[in-house]
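K.L.:
Any chance you could fold what I've pasted below:
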Amino acid sequence: MSEQHPGIIPGPSEPVSGRARAIQPFRVMALLARARELEAAGHDIVHMEVGEPDFATPEPILRAGREALDRGATHYTPANGLPELREIIAGWYMSRYGLAVDPRRIVITPGASGALLLASCCLVEPGDRVLLADPGYPCNRNFVRAFDGEPVMVPVEPGSGYQLTPAQVESAWTPGTRGVLLASPSNPTGTLVDAGDLAQILDTVKERGGYAVVDEIYHGLTYGAAERSALEFSDDVFVINSFSKYFGMTGWRLGWMVAPGWAVDTLDRLAQNLYIAAPTVAQHAALAAFAPDTLAILESRRGEFMRRRDFLLPALRELGFAIAAPPQGAFYLYADISGFGVGSEELCRRLLDEHGVAVTPGLDFGSHRAESHVRFAYTTSLERLATGVDRMREALRAG
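P.N.:
Residues are numbered from 1 along each chain as shown. Got it, this is the predicted structure:
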């Protein structure tokens with residue numbers, strides 16, 4: 001076998017599955033690698049490309065993790081997670097949303113990605129069509145492909161907040177369609193699914209005998225908008241959440257899923273085989289994630305993300321970036337660059353190589369008008385965002 005290199009797709013003679021060949025590299029990772037190269041060469045880079053909070057994991061969570069290590073909590077947990085963590089998460093749904101969720105329906109996973117892996121393995125048959133918004137997080141469609149399903153990317157526009165509408169779901173649904181995957185708030189746009197639309201879509205899917213998976217990993221990071229869980233409208237829905245974004249635990253690799261009761265035994269069996277269990281120390285650390293002192297820290301950080309959004313949104317518009325659907329959550333701005341007369345990959349390359357600003361091209365998130373959009377992540381300090389804006393102003397003046 002020939003030597004493999006990151007980002008290079010094997011040729012037809014390599015013993016690699018067709019499903020693996022169909023999955024494209026994540027452009028933002030190549031962009032990040034280039035940014036790191038430039039930094040290693042002494043260049044100063046303003047990072048607005050990667051969707052990872054710049055804050056460290058809160059100290060109460062770190063302390064709980066250290067204490068777990070000290071008492072030897074390093075063995076496997078049950079495949080569906082620590083019972084006490086599932087109980088605490090159920091309590092979170094009651095305190096945060098007023099929803100009674102049976103802890104037995106909660107499955108702890110290695111990140112939200114682990115939850116999406118489980119859901120896809122549980123639900124997707126070869127050839128199944130699954131509806132997703134275009135633009136959307138690229139890994140979602142790749143999870144469908146990994147189980148030989150067909151991701152159907154439905155073009156969405158600013159008028160619907162870049163979210164699927166009930167009418168679009170009805171129109172795109174065919175005899176081969178089995179499910180729909182929504183994200184609220186979404187990546188790359190930071191927009192929420194309208195509550196009425198969400199309820200209607202879930203009803204439509206149920207009427208057609210399909211399934212719905214709703215990505216809620218940015219819940220907690222909303223700004224002046226009420227976040228409502230899909231569990232408010234249906235128990236027959238797979239809801240994905242994560243400790244990575246609001247809770248600041250990206251490297252701990254921990255998430256969860258709330259599943260319909262009928263799916264829990266299947267998911268437990270799949271988890272046993274796919275990854276045994278989520279990381280034990282991370283689960284013990286997460287027991288402190290919902291404590292009052294931790295939540296006070298997290299709410300302070302949410303306020304900081306809102307200040308960053310409120311700085312960057314008008315600053316980008318002043319530079320000529322068109323942002324028709326302001327974000328209500330997450331930490332992204334999805335901007336139209338049509339007025340600049342250059343494609344997204346070329347603009348991102350110039351900004352990085354010539355001006356030290358790392359931004360993600362829209363092509364990472366789909367195909368619908370992707371070449372005319374870029375994503376900004378406000379996951380760095382206000383000071384650094386201001387530096388990035390100044391550099392982009394200089395870049396755009398230079399043409």
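K.L.:
Pro126 versus the closest residue to Tyr378 other than its chain neighbours, what's the distance?
P.N.:
Sequence neighbours aside, Arg308 is the residue nearest to Tyr378 in space, at 4.0 Å (criterion: Cβ to Cβ, 6 or more residues apart in numbering). Glycine gets a C-beta too; all of them are placed from N, C-alpha and C. Separation of Arg308 from Pro126 (Cβ to Cβ, to the nearest Å): 43 Å.
K.L.:
the more surrounded of those two?
P.N.:
Under the criterion of other Cβ atoms under 10 Å, the comparison of Arg308 against Pro126 puts Arg308 first, with 21 against 9.
K.L.:
For the more buried one, give me its contacts.
P.N.:
Contact criterion Cβ atoms under 8 Å, 6 or more residues apart in numbering gives 331, 378, 382, 385 as the residues in contact with Arg308.
K.L.:
Looks to me like it is in a strand.
P.N.:
No - when DSSP: H, G, I helix; E, B strand; the rest coil is applied, Arg308 is found to be helix, with no strand at that position.
K.L.:
Against which helices or strands is the helix or strand bottoming out on mean pLDDT in the chain packed?
P.N.:
In the chain, no helix or strand scores lower on mean pLDDT, DSSP states H and E than helix 18-21, which sits at a mean of 84. Where contact means 3 or more Cβ pairs under 8 Å, 6 or more residues apart in numbering; DSSP states H and E, helix 18-21 is not packed against any helix or strand.
K.L.:
ok now the helix or strand following it, how far from the chain's centre?
P.N.:
Next helix or strand after helix 18-21 toward the C-terminus (DSSP states H and E): helix 27-40. Per Cα atoms, centre = their mean, to the nearest Å, the displacement of helix 27-40 from the mean C-alpha position of its chain is 20 Å.
K.L.:
same question, stretch 182-202
P.N.:
The chain centroid and the centroid of stretch 182-202 are separated by 13 Å under Cα atoms, centre = their mean.
K.L.:
that older thread, out of the contacts of Arg308, which are buried?
P.N.:
Among those, the ones that count as buried by 16 or more other Cβ atoms under 10 Å are 331, 378, 385.
K.L.:
a markdown table please, covering these and showing pLDDT and secondary structure.
P.N.:
Conversion of these to a markdown table gives the following (pLDDT from 0 to 100; DSSP: H, G, I helix; E, B strand; the rest coil):
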| residue | pLDDT | secondary structure |
| --- | --- | --- |
| Phe331 | 97 | coil |
| Tyr378 | 98 | coil |
| Leu385 | 98 | helix |
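K.L.:
Let me see the ranges of the strands in the chain.
P.N.:
Across the chain, reading from the start of the chain, the strands by DSSP state E fall at 46-48, 106-109, 129-134, 150-155, 177-183, 211-215, 238-242, 255-258, 332-336, 357-361, 373-377.
K.L.:
outside of the fourth one, which residues touch it?
P.N.:
Think strand 150-155. 127-134, 136, 140-142, 144-145, 164, 168-169, 172, 176-177, 366-369.
K.L.:
Within its sheet, name the partner strands of it and how each one runs.
P.N.:
For strand 150-155, the pairing partners within the sheet under DSSP bridges are strand 129-134 (parallel).
K.L.:
these two touch, right, Gly111 and Phe247?
P.N.:
No - the pair formed by Gly111 and Phe247 falls short of the contact definition of Cβ atoms under 8 Å, at 11.9 Å.
K.L.:
Pull the contacting residues for Tyr334.
P.N.:
Per Cβ under 8 Å, 6+ apart, neighbours of Tyr334: 135, 162, 188-190, 323, 325, 327, 362, 373-375.
K.L.:
what sits against the closest residue to it other than its chain neighbours?
P.N.:
Counting by Cβ to Cβ, 6+ apart, the nearest residue to Tyr334 once its immediate chain neighbours are dropped is Thr189, at 4.4 Å. With contacts taken as Cβ under 8 Å, 6+ apart, Thr189 has the following neighbours: 135, 161-162, 325, 327, 332, 334.
K.L.:
ok, and the most crowded of the residues you listed?
P.N.:
Ranked by neighbours (other Cβ under 10 Å), these are led by Pro327, which has 29 neighbours.
K.L.:
and stretch 289-307, how far from the chain's centre?
P.N.:
The chain centroid and the centroid of stretch 289-307 are separated by 19 Å under Cα atoms, centre = their mean.
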